[in-house]
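Q: got a structure for you, letters missing:
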C-alpha cells in the first residue's frame, strides 16, 4: 500500500492595505516550500511557531518562535519547514520608496535599499510587538491608525537592525497645537499622517513622537477620543447610535462601539439609555 502524507494542510490569509502599498500575510506551512526568489519589497515579520530554514546571502539560517524576519528587497532567498511541524509566521511586505520617505525621513533617495545582512534574529520582545501590531493592522479601519502602526513598528525594526532614524529640529509645541486644531475641526474626516505632517512640516514618525510626548497619546488616539467625545454629545441629545456613528466618522455601530467602550467604559447603548433617561446607571 502506498504511504500517505499525514502532514496537516497549509493555511494562509492575505490582505492588502494602502499604507505603504503593504501586503499582510498570516500562514502556517507544513508542505509548502519556496524556491529561490526575491521580493520587490521589504519583508518584515516574525516566526510565531515551528521552525523555518532559509538560504540568504550565501548562508543557511533557521528561525524559531521569537525570531524576527527582515529581508531586503531583491535579495535571493528560499524558505521551507525545518522539521515536520512546519512553521507559522506573520509577515508585512512594504514598498521601499514609501519606507524611505515616511520612516527614513527622505534622507536617502527613493530607490535606496538598506541591506539586512541577517534575515533572522532571535528577539522575543520585538517579535511580540510585531505580532501585536500585525493583529492591529488586520482589524483597523482607519488610515491614520494603520499608518501610525506601520511607521512606528518599521522605525523600531530599522532602529534596531538597520539605519538610525535621525530627528530634526522643529517648533514642537506650536506644531502640536496646530495638529490638535486640525483634528478637533475635522474630527470626522479620514485624515492621514502625511496630511498632518505637511501641515506642520514634519515627517510622520517625528510628528508621532512629538505629539505623544506633548499630549501623552498619538494623533490617531487623539482623533478617536475626539470622535467618541462628540458621539457622547450626540447620544446625550437622543440621537440614534447609527446616526451618531455616521456623524462622527465611524463606519458603523460596531466600529463606534469598539472604541466607545474602551474610552467610556460602557457601550453606546448603555450610555444612551443612561443619558436620555436622567437616571444614574452603574455598570459592574
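A: Perfect, I can see it now. Just so it is clear, the model here is predicted, and its values are computed rather than measured.
Q: Which residue ranges make up each domain of this structure?
A: For the chain, automatic domain parsing gives the domain ranges 11-146, 231-277.
Q: got those domains as a markdown table, with mean neighbour count and mean pLDDT columns?
A: C-beta: built from backbone N, CA, C; applies to glycine. Below are those laid out as a markdown table (neighbours: other CB atoms under 10 Å; pLDDT from 0 to 100):
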| stretch | mean neighbour count | mean pLDDT |
| --- | --- | --- |
| domain 11-146 | 17 | 90 |
| domain 231-277 | 17 | 81 |
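Q: who wins for proximity to residue 188 among the ones you listed?
A: domain 231-277 (3.6 Å; CB to CB).
Q: where exactly do the strands run in the chain?
A: 11-17, 22-29, 34-37, 42-50, 52-56, 59-63, 67-71, 77-81, 87-94, 120-122 (DSSP state E).
Q: got the angle for the longest one vs strand 59-63?
A: Angle of strand 42-50 versus strand 59-63, following axes from the mean of the first three to the mean of the last three CA atoms, to 10 degrees, is 50 degrees.
Q: what does the fifth one give?
A: Direction vectors for strand 52-56 and strand 59-63, defined by the same axes, to 10 degrees, enclose an angle of 150 degrees.
Q: which helices and strands sit right next to strand 52-56?
A: Packing partners of strand 52-56 (3 or more CB pairs under 8 Å, 6 or more residues apart in numbering; DSSP states H and E): strand 59-63, strand 77-81.
Q: strands paired with the last one, and their directions?
A: Pointing back at strand 77-81 there. Sheet pairing here is set by DSSP bridges, and for strand 77-81 it gives strand 34-37 (antiparallel), strand 52-56 (antiparallel).
Q: Identify all contacting residues around it.
A: With CB atoms under 8 Å, 6 or more residues apart in numbering as the test, strand 77-81 has contacts from 29-30, 32-38, 50-56, 71, 87, 119.
Q: cutoff 10 Å now
A: 7, 29-39, 43, 50-57, 60-61, 63, 69, 71, 86-87, 89, 119 (CB atoms under 10 Å, 6 or more residues apart in numbering).
Q: and what of stretch 240-251?
A: By CB under 10 Å, 6+ apart, stretch 240-251 touches 141-142, 186-191, 223-224, 226-239, 252-260, 267-269, 271-272.
Q: Now with 7 Å, please.
A: Stretch 240-251 is contacted from outside by 141, 187-189, 227, 230-231, 234-235, 252-253, 255-256, 268-269, 272, using CB atoms under 7 Å, 6 or more residues apart in numbering.
Q: ok, and the closest non-adjacent residue to residue 196?
A: In space, and not counting its chain neighbours, residue 196 is closest to residue 179: 5.3 Å by CB to CB, 6 or more residues apart in numbering.
Q: Quick one: residues contacting the one you found.
A: Per CB under 7 Å, 6+ apart, neighbours of residue 179: 196, 199, 200, 211, 219.
Q: again, only using 10 Å
A: With contacts defined as CB under 10 Å, 6+ apart, the neighbours of residue 179 are 191, 193, 195-197, 199-200, 202, 207, 210-211, 214-215, 219, 222-223.
Q: Pull the most distant pair out of those residues.
A: The span of these, defined through CB to CB, is set by 195 and 214 at 18.9 Å.
Q: Distance of residue 248 relative to residue 198?
A: The gap separating residue 248 from residue 198 is 24 Å, by CB to CB, to the nearest Å.
Q: Output the strands paired with strand 77-81 in TSV, with distance to residue 75 appended to each entry.
A: Converted to TSV, the strands paired with strand 77-81 look like this (distance: least, CB to CB, whole Å):
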stretch	distance to residue 75
strand 34-37	10
strand 52-56	7
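Q: Among these, which comes closest to residue 107?
A: Among these, the nearest to residue 107 by CB to CB is strand 52-56 (26.2 Å).
Q: which residues touch that closest one?
A: So strand 52-56 is in contact with 29, 33-34, 36, 60-64, 67, 69, 71-72, 75-83, 86-89, 116-120, going by CB under 10 Å, 6+ apart.
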